[in-house]
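# here is my input; please provide its structure:
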Amino acid sequence: MNVISTNIGQSVSRIDGFAKVTGQAKYAAEPHPPGLLYGVIVNSPIARGQIAALRDTEARKIPGVVEIMTHRNRPHTALFEKSYVDGLGVPGSPYRPLHDAEIRFNGQPVAIVFAETFEAAREAAMLVEVDYERWPHNADFEAALHQKYMPSKTRSNYVPPKSRGNAPEAYALSPVKVEGRYHLAPEHHNPMEMHATTVIVEDDGTFTVWDKTQGPQSVQAYLTSALSLSGDKVRVHNPYVGGAFGSGLRAQYNVFLAALGAKMLKRSVRVTLTRPQMFTHVFRPEAVMDIALGASPDGTLQSMIVEGVTDTSRFEHNMENIVVWGLINYKCPNATAGYTIAPRDTYTSSDMRAPGATTGVNFFEMAIDEIAYACNMDPLTFRLNNYSDTDAMHDMPLTSKALREAMVQGAQHFGWHDRPMAPGSIRDGNELIGWGMATGIWDAMFSPTSARARLTADGRLHIATAASDIGTGTYTILAQTASEAFSTPIDRIDIELGDSTLPECPTEGGSWTAASAGAAVWLACQILREKLFKALAKGKNIPAWVKQGLEQDNLTLEDGILHGMNENQKIVLSFQDALSLIGQDALEVEETAKPGLRGTISQMRKARFTHSAVFCEVRVDQELGIVRITRLVNAVAAGRIMNPKTAASQVRGAMVMAAGMALHEESLMDERVGRFMNHNFAEYHIPAHADIPDMDVLFVEEKDSEISPLGVKGVGEIGMCGTAAAIANAIFHATGHRHRNLPISPGS
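From the prediction side, this is the model:
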């Protein structure tokens, strides 16, 4: 049978767009079951200590208040056992809401008020009085650096750096040297949809949970484990997510408190966090990196030394892959790196779009720009001169790497070759103009994923998997995949996502969903097609032309219709008629896609990455020091691009976040109380429309038959990797002043 390729690779608009702009898409805080209670959390104003007294008498007098839950009256569950570990894989002891009287971080929930109305719950929460015994604490990152350590157990996805050669000796002997300390301020997640959970208690006692999460099955596993419930007693929905970027990778405290309240009161409960409460957790870790690079005068790298430190809480040991990227990406005979973490009395730092790489790649690319200038070499030429065709850290071949092509094509599109070398060479009135560039690298991951394909008597194709669409366009690209695999128009395909009862899919994150879920959908559609044709071949009342076409393999499936020939006459058979002929109302299959080409793993171990080259133009006001980004070009090598429109949108979104990292976003700590002070949009600056120029995204042709069954690499995070560095490098080219701290602000 011939399959007509229809939609993969085409720029298709989001199929869920209409539901979102018309309000039909439902989010975690929108279900409104009968008898719903509203929960409002009371947070600790101190960083460390314990509750000495808690008075809620006045709060309970507010009309509509049903219960005030604290560590004194909450039900006991498995989460409060010492052996409990949540599913994120961060070593240590996970935070247990309302476990005891001890305070571990500023903003820790100390009580939650449940009331018939949100207004009553909020008023009562303000009347809960708590006395604290304050203990010494440290929330200062600089002070925490003196206690840095390497934990005995690391996260499962942590990649330890692998040294080569003798980097310190080579650095000492290098004719050209640069070294410096780079600092990244903590950044907080600020998605449009804040964290919220609605727990609906059904008549049979089961929980239907609507949660702002990136993985409904991970939340389902967390709640069943934490509350000692059987798996069939909890069902989690997240069909639409208003932005996540890593903040929804692990279940946050609102999930547990809502579910615990529902279990305690046997009523449906909703808990939503305020914008200030979002600043009590979910932030990219503060970081410092010491980078020393040595080179020969001709611009050949001789030594790379990287030492990184990020912050973590005292109760968990959070680590990211921040120091490995330069060692992987650049050819250099001598390289070494080290990484430790520094404990503070805060909540555990968390994953945020391209965790680890956003920090490590940008700092390393800023250092590469610096040594290129020390060698009096164009930064693009320097990178091409030290290009590695392999994973240089592990001396491992790559499934593909089109970074060289990305640099060349990006430079041509940007006009890089017209760039003067000397900083401060381009002026326009009172503004200095600078051009900078950087490269990016991010993991190209694939995870086993299952999908169900079901063909029904009305001729519709139904696709289901527990994947989440966190704004990345998953609904659309899976519909495109099914459309091509089953040669069916997109408007006859239904996609079901965001439900823990659907076929197993990993939590959406790491840019692996397009490759993983896409492969599962493709495989399921292929097997469903084979199942349909086998049923037709064995049927008793099947037209002769169909059986003959099957035997001769000359049937064509196009636009949801079987096409064949009968005595030189074109004959068609609809899916509805096909199911009728085999006596079935529906046909269904469920399949699991695994890593490798057609589900097989390559015999040779190979590294897998997505790459990019970013070019930036800035204008800097000489008197005020204000920076304006005026052009951004990002050339991305990411294998087969499933939908250029949604893929480019993902890269642009990441570039906007990277602009925030470079120039705007900084969570400011009041070390005296351990609280992030600028916990609102009035004081936490994120890029506005006027801060962002037109951004050009180019996709470089890159064929990769080993990376995944469809040759697809993810693009959700690569736009973060290198963009902030390109901006910083452009500022240097404009002003001649190096900045090693992000964000860069006037006067810094």
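
# all contacts plus neighbour counts: C-alpha atoms, from now on.
Fine.

# mind checking which helix or strand the closest residue to Leu528 other than its chain neighbours is in?
Of all residues not flanking Leu528 in the chain, Val589 sits nearest, at 5.9 Å (CA to CA, 6 or more residues apart in numbering). Assessed by DSSP states H and E, Val589 sits inside strand 586-593.

# before we move on, back to that, partners of the residue nearest to Leu528 in the sheet?
Beta-bridge partners for Val589, by DSSP bridges, are Ala453.

# from Val12, how far out is it?
26 Å (CA to CA, to the nearest Å).

# same thing with Asp290?
44 Å.

# swap in Gly539?
38 Å.

# these two - which one has more neighbours?
Val12 (18 against 14; other CA atoms under 10 Å).

# thought the more buried one was touching Ala648?
No - taking contacts as CA atoms under 8 Å, Val12 lies outside contact range of Ala648: 11.9 Å.

# tally of neighbours for Pro136?
Residues near Pro136, counting by other CA under 10 Å, number 8.

# mind checking pLDDT for it?
In the predicted model, Pro136 carries a pLDDT score of 98.

# quick one: what helix or strand has it in it?
Under the criterion DSSP H and E, no helix or strand holds Pro136.

# same thing with Met437?
strand 431-443.

# average pLDDT for that strand?
98.

# how about Leu54, secondary structure?
strand (DSSP: H, G, I helix; E, B strand; the rest coil).

# may I have the beta-bridge partners of it?
Beta-bridge partners of Leu54, counted by DSSP bridges, are Val130.

# break this structure into its domains for me.
What automatic domain parsing lists as the domains of the chain is 2-24+447-594, 37-136+192-244+248-278, 147-187+283-445+605-742.

# out of these, flag the one nearest Pro31.
Among those, the nearest to Pro31 by CA to CA is domain 37-136+192-244+248-278 (7.0 Å).

# centre of the chain versus that closest one, how much separation?
Taking CA atoms, centre = their mean, to the nearest Å, one finds domain 37-136+192-244+248-278 lying 24 Å from the centre of the chain it belongs to.

# cool, and stretch 701-711?
Distance, centroid of stretch 701-711 to centroid of chain: 21 Å (CA atoms, centre = their mean).

# begin at 32 from now on, thanks
That works, and once the first residue is 32, the last one we named lands at stretch 732-742.

# now the end-to-end length of that stretch.
One end of stretch 732-742 to the other measures 12 Å (CA to CA).

# thinking again about what came up before, the residue nearest to Leu559 and Ile558: what is the separation?
In terms of CA to CA, Val620 sits 7 Å off from Ile558.

# sorry, back to before: the domains of the chain: lowest mean pLDDT?
With a mean of 89, domain 33-55+478-625 has the lowest mean pLDDT of those.

# could the domains of the chain go into a markdown table alongside distance to Ser779?
What follows is the domains of the chain, written out as a markdown table (distance: least, CA to CA, whole Å):
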| stretch | distance to Ser779 |
| --- | --- |
| domain 33-55+478-625 | 33 |
| domain 68-167+223-275+279-309 | 27 |
| domain 178-218+314-476+636-773 | 8 |
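
# dump the strand holding Val620 to PDB, keeping only the CA atoms.
Taking Å, rounded to 0.1, in the frame of the first residue of the first chain, the C-alpha atoms of strand 617-624 are listed here in PDB:
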ATOM      1  CA  ALA A 617     -14.000   0.300  15.500                       C
ATOM      2  CA  LEU A 618     -10.400  -0.900  15.200                       C
ATOM      3  CA  GLU A 619      -7.900   0.000  17.900                       C
ATOM      4  CA  VAL A 620      -4.200  -0.600  18.700                       C
ATOM      5  CA  GLU A 621      -1.800   0.600  21.400                       C
ATOM      6  CA  GLU A 622       1.900   0.600  20.700                       C
ATOM      7  CA  THR A 623       5.100   1.700  22.500                       C
ATOM      8  CA  ALA A 624       7.900   3.400  20.600                       C
END
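
# contacts for that strand?
For strand 617-624, contacts defined as CA atoms under 8 Å, 6 or more residues apart in numbering pick out 479-488, 534, 547-548, 550-551, 554-555, 558-559, 562-563, 610, 630.

# just the ones of those residues in helices?
Among these, DSSP state H puts 547-548, 550-551, 554-555, 558-559, 562-563, 610 in helices.

# ok, what's across the strand from Ala668?
Those that pair with Ala668 in a beta bridge, by DSSP bridges, are His642.

# wait, it sits on Glu732?
Yes - under the criterion of CA under 8 Å, Ala668 makes contact with Glu732 at 6.8 Å.

# what residues sit buried inside stretch 227-236?
Within stretch 227-236, the residues scored as buried using 16 or more other CA atoms under 10 Å are 227-232.

# excluding chain neighbours, give the residue nearest to Asn760 in space.
Closest to Asn760 by CA to CA, 6+ apart is Gly467, at 4.7 Å.

# that neighbour and Ala757, how far apart?
5 Å.

# likewise Ile143?
Taken as CA to CA, the span from Ile143 to Ala757 is 45 Å.

# the stretch 582-731 of the chain: strands as residue ranges?
Residue ranges of the strands in the stretch 582-731 of the chain, as given by DSSP state E, counting those that start in this stretch, are 587-589, 592-597, 600-605, 617-624, 640-652, 658-668, 700-701, 706-707, 726-730.

# sheet-wise, list the partners of the second one with their directions.
What that stands for is strand 592-597. The pairing partners recorded for strand 592-597 under DSSP bridges are strand 587-589 (antiparallel), strand 600-605 (antiparallel).

# for Val300, find the nearest of the strands of the stretch 582-731 of the chain.
The closest of the strands of the stretch 582-731 of the chain to Val300 is strand 706-707. By CA to CA, the value is 28.4 Å.

# packing partners of the closest one?
Packing partners of strand 706-707 (3 or more CA pairs under 8 Å, 6 or more residues apart in numbering; DSSP states H and E): strand 700-701.

# could you list the paired strands of the strand it packs on along with their orientation?
Applying DSSP bridges, one finds strand 700-701 paired with strand 706-707 (antiparallel).

# starting at the chain centroid, how far to the partner strand?
24 Å.

# hmm, who's touching that strand?
76-78, 137-138, 310-311, 698-701.

# could you rerun that using 10 Å?
Contacts to strand 706-707, defined as CA atoms under 10 Å, 6 or more residues apart in numbering, come from residues 76-78, 136-138, 170, 217, 219, 307, 310-312, 376-377, 697-701.

# which element is Glu154 on?
helix 149-158.

# output the contacting helices and strands for that helix.
Contacts defined by 3 or more CA pairs under 10 Å, 6 or more residues apart in numbering; DSSP states H and E place helix 149-158 against strand 68-74, helix 88-91, strand 96-100, strand 140-146, strand 300-303.

# ok, and for that helix, which residues are buried?
By neighbour count on 16+ other CA under 10 Å, the buried set for helix 149-158 is 149, 151-156, 158.

# pull the CA atoms of it into CSV?
C-alpha atoms of helix 149-158 as CSV (Å, rounded to 0.1, in the frame of the first residue of the first chain):
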residue,chain,number,x,y,z
PHE,A,149,-12.5,32.1,48.2
GLU,A,150,-13.1,35.5,49.9
ALA,A,151,-13.9,33.9,53.2
ALA,A,152,-10.8,31.6,53.0
ARG,A,153,-8.6,34.6,52.2
GLU,A,154,-10.0,36.7,55.0
ALA,A,155,-9.6,33.9,57.5
ALA,A,156,-6.1,33.2,56.4
MET,A,157,-5.1,36.8,57.3
LEU,A,158,-6.4,36.2,60.8
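
# so what touches that helix?
68-74, 86-99, 142-146, 301-303.

# distance check, the nearest residue to Val286 once chain neighbours are set aside against His63.
The shortest distance from Val286 to any non-neighbouring residue, by CA to CA, 6+ apart, is to Thr228 (5.6 Å). Distance, Thr228 to His63, using CA to CA: 12 Å.

# same thing with Met320?
Taken as CA to CA, the span from Met320 to His63 is 48 Å.

# okay, these two: which has more neighbours?
Set side by side, Met320 and His63 show more neighbours around Met320, with 24 against 14, by other CA under 10 Å.
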